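Enquirer: with the input below, show me the fold.
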Amino acid sequence: MRKVVTYFHKSPQAAEVLREIQSQLHLPNHKLIHDVCTRWNSSVDMLERFWEQQPALLNAMLSRRIRRGEGLAATAVNEDDMRLIQEIIKLMSPVKVATTLLSEEKSPTISMIAPIQAKLHKHFSEDNTDMPIIAEMKRRFRQDFFDRYVELQELLNSASALDPRFKDLTFLDDVDSRDLIFVKITAEVVKMNEKMKGIGALDEGGALDDGGALDEGGAAEGGGDRSPSIEERRVWKTAAPSEAVHLFMEDLRRGGDHQPPLRLTLNAGDTDEERDGTLISFYKQRRETCQWAADFRCSILDVELTPQMVLKCIIWPEASIDSDDSEDEMSTTNINLISGFFRAFVKEASSDVLKGLMKFWTGWELPSPRLTFKVVRSRGHHHLPTASTCYERLRIPDHYKSGSALKLDSMLA
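Expert: Down below sits the predicted model:
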């Protein structure tokens with residue numbers, strides 16, 4: 001196939017014939033793409049363009065205008081080749097999408113690696129119905145790719161759990177693995193919050209000085225643990241508790257101390273040190289601060305969600321909205337009208353409807369402590385309610401004149 005593409009690139013007569021046949025068959029007037037060994041996805045692009053223009057190419061190769069002295073008998077493409085091209089495109093399209101996603105981002109994030117990796121693992125699994133060449137391509141891909149990132153898998157999964165797009169961790173089949181990831185993240189956040197409180201208390205009491213006197217004593221008592229520098233103390237002291245997750249992501253990006261994974265069960269004959277490394281010991285030590293983690297295995301579907309549970313968490317809008325939502329202030333009457341419609345919808349909603357609303361609003365089926373409700377300037381009657389799960393903010397356009405219309409659009413959204 002590469003020879004066919006090269007021929008049509010080098011022969012002006014063949015290229016002219018191809019353009020004429022494209023016009024006759026009403027195909028896009030696209031040139032053939034030649035692959036380049038130093039460019040990602042160029043081979044897939046070549047195959048996709050070849051498949052798109054195959055009717056015109058097959059007719060052009062049979063044309064007498066280009067067969068005189070420039071025959072294509074040696075580069076003829078048969079039916080088996082065309083079927084193989086289609087299968088290769090189907091096999092390699094996810095790889096093209098993955099590389100495009102990672103290269104299009106101005107700042108590619110580590111959180112995308114684990115979901116993409118799981119997708120490729122599943123896509124390149126063995127299938128008895130594959131053609132021999134496709135099966136061999138899959139085998140070589142698995143041989144080269146499946147051993148990558150093994151030592152970083154825990155880090156990649158944690159990064160994905162902190163990303164609102166992948167926080168459900170649906171790409172992991174093992175439920176216990178999902179739970180353990182959230183438990184470890186919770187433990188790190190709690191540890192950071194405690195560290196922030198301790199540093200803040202020491203700073204207020206004058207125990208810390210800019211000369212770093214505590215660094216020497218801390219190093220002696222902490223068994224060599226590095227005390228925070230002056231700049232780090234300032235960052236931790238001024239950071240709000242809600243920023244602990246962001247600081248944790250920064251630690252993940254830089255790489256922190258490796259901690260052994262927690263075991264889920266106790267074994268007979270375990271030493272005290274081994275018992276301290278179990279999940280049961282972790283729960284006992286942090287029963288108050290991580291109670292939600294202990295109950296994480298309970299299904300959310302078993303929880304009966306009531307309107308009162310949702311209404312008490314909603315932060316209702318003020319008389320005007322933020323400048324990023326509208327250029328001018330909205331009337332208090334309009335804001336109160338939309339808020340009243342939504343309040344009535346929540347009061348009459350069933351548990352299943354409320355769970356669907358929370359899933360749309362926050363990404364989970366349970367309400368968070370702060371649900372921000374905003375009324376925004378409408379862009380037309382097609383403007384549906386929108387939600388930002390990472391900020392747990394719901395935006396309702398101001399064009400609604402009845403509660404039934406708002407209820408219908410909220411359920412559709």
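Enquirer: care to break the protein down by domain?
Expert: Domain ranges of the chain: 2-77, 175-275, 301-412, per automatic domain parsing.
Enquirer: which one of those domains has the lowest average pLDDT?
Expert: Lowest mean pLDDT of these: domain 175-275, a mean of 55.
Enquirer: apart from its neighbours in sequence, what residue is nearest Tyr400?
Expert: Among residues not flanking Tyr400 along the chain, Leu406 sits closest, at 4.5 Å (Cβ to Cβ, 6 or more residues apart in numbering). Where you see a C-beta, it was placed from the backbone N, CA and C, and this is true even at glycine.
Enquirer: so which helix or strand takes in that neighbour?
Expert: Assigned by DSSP states H and E, Leu406 belongs to helix 403-412.
Enquirer: give me the contact list for that helix.
Expert: 338, 340-342, 344-345, 353, 356-357, 384-385, 396, 400 (Cβ atoms under 8 Å, 6 or more residues apart in numbering).
Enquirer: could you rerun that using 6 Å?
Expert: Helix 403-412 is contacted by residues Phe341, Ala344, Phe345, Leu384, Pro385, Tyr400 when judged by Cβ atoms under 6 Å, 6 or more residues apart in numbering.
Enquirer: do you know how far the second one is from Asn128?
Expert: Going from Ala344 to Asn128 by Cβ to Cβ, to the nearest Å gives 57 Å.
Enquirer: which ones are touching Ser158?
Expert: Ile181, Ile185.
Enquirer: now the residue nearest to Tyr400: how far from Lys191?
Expert: When Leu406 is compared with Lys191 (using Cβ to Cβ), they lie 44 Å apart.
Enquirer: same thing with Arg148?
Expert: In terms of Cβ to Cβ, Arg148 sits 30 Å off from Lys191.
Enquirer: the more surrounded of these two?
Expert: Set side by side, Arg148 and Lys191 show more neighbours around Lys191, with 14 against 11, by other Cβ atoms under 10 Å.
Enquirer: does that one count as helix, strand or coil?
Expert: Using DSSP: H, G, I helix; E, B strand; the rest coil, the structure places Lys191 in helix.
Enquirer: dump the residue contacts of Glu87.
Expert: Met131, Ile134.
Enquirer: which strand or helix spans it?
Expert: Taking DSSP H and E as the criterion, Glu87 maps to helix 79-104.
Enquirer: which parts of that helix are buried?
Expert: By 16 or more other Cβ atoms under 10 Å, the buried positions in helix 79-104 come out as Leu84, Ile85, Ile88, Leu91, Met92, Val95, Lys96, Ala98.
Enquirer: which one of those residues is nearest Gly198?
Expert: Nearest to Gly198 among these is Ala98, at 42.9 Å by Cβ to Cβ.
Enquirer: which pLDDT value goes with the closest one?
Expert: Predicted confidence (pLDDT) for Ala98: 85.
Enquirer: now swap in Met92 and tell me
Expert: pLDDT, Met92: 90.
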